[in-house]
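Starting from these lines, generate the structure:
(chains A and B)
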2 protein chains.
Amino acid sequence: MSRLESFIRRPKAQRACLNAAIDLIRDLNGPVLEFGLGNGRSYDHLREIAGPASDLAREIYVFDRQVAAHPDCIPPQDRLFIGDFGATLPRAITQFGQSIAMVHVDCGSGKPEIDAQVVAILKPGLLQLMRRGAVLLSDQEISDPGFTALPLPHEVKPGRYFMLRRT
Amino acid sequence: MSRLESFIRRPKAQRACLNAAIDLIRDLNGPVLEFGLGNGRSYDHLREIAGPASDLAREIYVFDRQVAAHPDCIPPQDRLFIGDFGATLPRAITQFGQSIAMVHVDCGSGKPEIDAQVVAILKPGLLQLMRRGAVLLSDQEISDPGFTALPLPHEVKPGRYFMLRRT
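This next block holds a predicted model:
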């Protein structure tokens, strides 16, 4: 496979996973959270398939250290949690309780030791935020007795993404 | 269309155009030239579908001001023309004459006045290098009585790429 093809495959896998995760929460109320805004592409897609103007009509809240997204892909100020996850997660738990229907974790740095630290900070917060049946889509492997693995869309290479259900 | 979808569409259009252009030169001998190596993704794809190890077995020569590609996507030293096109094109014309079967121009800067200058430098060189029937695929619009327009693959938005045949 050429690098051009592998470059096409990565965002296609992300789109397939986002669409699949959102399909799974059609009958489960609650907001959607994204950890890692980045350039805002996946937020823009989530907004299109699940945001307030879509038929799912979910509020989408985004967590990141800073806002570095394309201007068209910046969430409203009151939907942003800016700062370290260790500081913003407790505020989110106070605000949402255990009401979240879907979480997208998209903050892999490519540095395993840093990513492991981020997952260690995120996991207890996600367990408190996600309601029973909620779907976690993550670019990082996250395992816990509070989650069960869900199958990925067939076109997505195992290990590229992880999809889990809060039990 | 979300930004994620438009991000997927761009390299897919490039792949479709490269595949279509190479299909059109199956029965036309001659090397392939690429102007604009960039990150090397399209070179890697060209190499896979038309390079020496493929069934088309074409030599691929690449022109750019400097090499900034992924290490896996750097052409062999003797297949590289490094420097301004104004300096490297005359050398290429001496080396190849009018024997080239396919050219990929992929050097849009997003700045129309710079891109127009690049096209003005490239066009007379391409007319001298490309044999009758050769295919020009370009991210910049190039028009000349020496070229006739070819249809783009149906999935490619008009204006995103230009495909021409040397008459």
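
Strands of chain A, start to end?
Assigned by DSSP state E, chain A shows strands spanning A:32-35, A:60-64, A:80-82, A:100-105, A:130-138, A:147-149, A:162-166.

possible to save those as TSV with mean pLDDT, mean neighbour count and distance to chain B?
(Each C-beta comes from the backbone N, C-alpha and C, glycine too.) Shown next, in TSV, are the strands of chain A (pLDDT from 0 to 100; neighbours: other CB atoms under 10 Å in any protein chain shown; distance: least, CB to the nearest CB, whole Å):
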stretch	mean pLDDT	mean neighbour count	distance to chain B
strand A:32-35	98	26	12
strand A:60-64	98	23	13
strand A:80-82	98	16	18
strand A:100-105	98	26	12
strand A:130-138	98	21	13
strand A:147-149	98	14	24
strand A:162-166	98	20	17
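
quick one: contacts for the nearest residue to residue A:53 once chain neighbours are set aside?
Nearest residue to residue A:53, sequence neighbours excluded (CB to CB, 6 or more residues apart in numbering or on different chains): residue A:47, at 7.8 Å. Counting by CB atoms under 8 Å, 6 or more residues apart in numbering or on different chains, residue A:47 touches A:53, A:54, A:60, B:2.

I'd like to know which of the strands of chain A lies nearest to residue B:90.
strand A:60-64 (50.6 Å; CB to CB).

show me the contacts for residue A:126.
Listed by CB under 8 Å, 6+ apart, the contact partners of residue A:126 are A:103, A:105, A:136, A:142, A:166.

Repeat the analysis, applying 6 Å as the threshold.
The contact partners of residue A:126, by CB atoms under 6 Å, 6 or more residues apart in numbering or on different chains, come to residue A:103.

what about it, distance to residue A:160?
20 Å (CB to CB, to the nearest Å).

And residue A:19, by the same measure?
Distance from residue A:19 to residue A:160, by CB to CB: 15 Å.

Let's see the longest helix along chain A as CSV, backbone CA atoms only.
Secondary structure assigned by DSSP state H gives helix A:3-24 as the longest helix of chain A. Extracted in CSV, the C-alpha atoms of helix A:3-24 (Å, rounded to 0.1, in the frame of the first residue of the first chain):
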residue,chain,number,x,y,z
ARG,A,3,1.8,6.2,1.5
LEU,A,4,-0.9,8.0,-0.4
GLU,A,5,-3.3,5.1,0.2
SER,A,6,-2.3,4.8,3.9
PHE,A,7,-2.9,8.6,4.2
ILE,A,8,-6.4,8.1,2.8
ARG,A,9,-7.1,5.1,5.1
ARG,A,10,-6.4,6.9,8.4
PRO,A,11,-9.1,9.5,8.2
LYS,A,12,-11.5,7.1,6.6
ALA,A,13,-11.0,4.8,9.6
GLN,A,14,-11.8,7.7,11.9
ARG,A,15,-14.9,8.6,10.0
ALA,A,16,-16.1,5.0,10.0
CYS,A,17,-15.5,4.7,13.7
LEU,A,18,-17.2,8.0,14.5
ASN,A,19,-20.2,7.1,12.4
ALA,A,20,-20.4,3.7,14.0
ALA,A,21,-20.1,5.0,17.6
ILE,A,22,-22.8,7.6,17.0
ASP,A,23,-25.1,5.0,15.4
LEU,A,24,-24.8,3.0,18.7
